[in-house]
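Chemist: Any chance you can model this:
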Amino acid sequence: MNGMQIAIVLLSIASPLVAAERQVDPVAAAQLAVAKLYGAGQIAGLEGYQSGFYVEGEPALVVTVDSAALDGVTVSIVDAYGERYEGRLVGRDAASGLVLVECPAGVEPPSTFSLTSNAELSLSQRLWALSNCFNIAAGDEPVTLQRARLAAIASMPTSVDEGRPTVGAPAAGSPVLVLSAVTSNPGAGGGVVIDEAGRLVGVLGAECRSPVTGAWLNYALPADAVDAAIARIRDRTNAATADRMAAPHPNRALRRAGLGLIAAITKRSPAYIERVVEGSPAARAGLEPDDLIVAINGATVGTVEAAASAIERGLTRDAAVEITVLREERLVTLNLRGDAP
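Modeler: Numbering: from 1, shown residues only. As a prediction, the model looks like this:
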C-alpha cells in the first residue's frame, strides 16, 4: 500500500469521527437549559433545593414548581456552568403548580427551552427526564439523566398529604404524563422531560402520592400547559401591582386599631398578632399577642398581607370586623370595632 492509499484509508476512518463530533447531542444541549435552585427549606425535613429550567425572556426566566424552598422572595440559581445568582419570584400559578422566577438583568442562560416545540407524544415513547434529584449536581456538574417511557396520559389525582393537594402539584383532574421511571425524588420537581430530539415534553411535578394506593406518582405536567401558566402569572402580577398602587396602605387601619401583626418575611407568612396596644380597640375586642388570625368576617385568610388587607377593607369608625383567631388550639371569634380609643 503506497502513501496515497494510506492517506485515503485514514481519511475514510476519520471523516465519520469528525462528523460525529460536530453533531449536537440533544440530551447534552438540554442539560445546559436546566438550573439548580436553592432556597428556604431545611424545616421539618423539607429539602431546600430543587430543579428548574430556562425559557426565553428578557430578563431571563426560570420555570419551576412550587415548594417550601420558595417561601422567600428570592431563590439562588446555579446554571450549568456553575454560575450562581439570585432570582426574584414573579408569581405562582395554583392550577399548574408552576412558579416563574426572574433572573437578574444581564444574565444570559447557557441555553433555553422553546415553549412552541410542538413535540408529538405516543404511548411507550422513549423519553429522558433531567433534574437535580438528591442535589447531586451542586455546581457545574451535569444534572441527573433518567431514561423513561410514556406510560399513560391521565388525570391528576389529589395527594393524600393530610387530605390536601400537594404544594407544587397541578390541580386535580389536570392532564399529566405518567412516566415509567422513578422521577418522584427529592429535588426533582421542576426538572424537564424531553424527547429524543431534545424537545421539551413536560415538567416534573412535586412529590405526590396516589390517594388510592398511597404510592408515589411519577408524572410530569405537559409542556403545552407551561406557556398558559406563565401568561396567567403575568396577568395576575400586573393586576396585583395596579391594585396595590390604588389601594390605601393597610397599616393605617391596623395602627388605628392598636393592632400589630408580625412582619411579612415571605409572601406566605402566617397572620400572627405581635402586639396589642393597651386601651386600644384591639385590646377592648379581646385580641392578644400570639393569636393567629385565620378568618375575617367568615372568609379565611392565610397570610399577613391577606389579613391586613381584609381588616383595611372592613374596618371603619362606624363598622366592626369579625376576627376569628386560633388561640391555644381553640378558635375564638371576636369583634373589632373601628372607633377611636
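
Chemist: so what secondary structure elements neighbour the host helix or strand of G260?
Modeler: Taking DSSP states H and E as the definition, G260 sits inside strand 259-261. Applying 3 or more CB pairs under 8 Å, 6 or more residues apart in numbering; DSSP states H and E, we find strand 259-261 packed against strand 273-276, helix 304-314. Quick note: C-beta positions are derived from backbone N, CA and C, even for glycine.

Chemist: Take those and write them to CSV, including mean pLDDT.
Modeler: Listed next are those as CSV, based on pLDDT from 0 to 100:
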stretch, mean pLDDT
strand 273-276, 90
helix 304-314, 86
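
Chemist: Single out the most deeply packed of these.
Modeler: The highest average neighbour count among those, using mean count of other CB atoms under 10 Å, belongs to helix 304-314 at a mean of 21.

Chemist: helices or strands next to it in the packing?
Modeler: So helix 304-314, by 3+ CB pairs under 8 Å, 6+ apart, packs with helix 251-257, strand 259-261, strand 292-296, strand 320-327.

Chemist: need the strands for the stretch 1-150 of the chain, in chain order.
Modeler: In the stretch 1-150 of the chain, strands defined by DSSP state E, counting those that start in this stretch lie at 34-38, 49-55, 61-65, 74-78, 84-93, 98-102, 126-131, 144-155, listed in chain order.

Chemist: Note down every partner strand of the fourth one and its orientation.
Modeler: Paired strands of strand 74-78, with direction, are strand 34-38 (antiparallel), strand 84-93 (antiparallel) (DSSP bridges).

Chemist: can I get the CA coordinates of it in PDB?
Modeler: What follows is strand 74-78, C-alpha atoms only, in PDB (Å, rounded to 0.1, in the frame of the first residue of the first chain):
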ATOM      1  CA  THR A  74     -35.700  35.300  46.200                       C
ATOM      2  CA  VAL A  75     -34.100  32.000  45.300                       C
ATOM      3  CA  SER A  76     -30.500  31.100  44.400                       C
ATOM      4  CA  ILE A  77     -30.000  29.900  40.800                       C
ATOM      5  CA  VAL A  78     -27.000  27.900  39.700                       C
END
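
Chemist: and the angle from it to strand 98-102?
Modeler: With axes from the mean of the first three to the mean of the last three CA atoms, to 10 degrees defining the directions, strand 74-78 sits at 80 degrees from strand 98-102.
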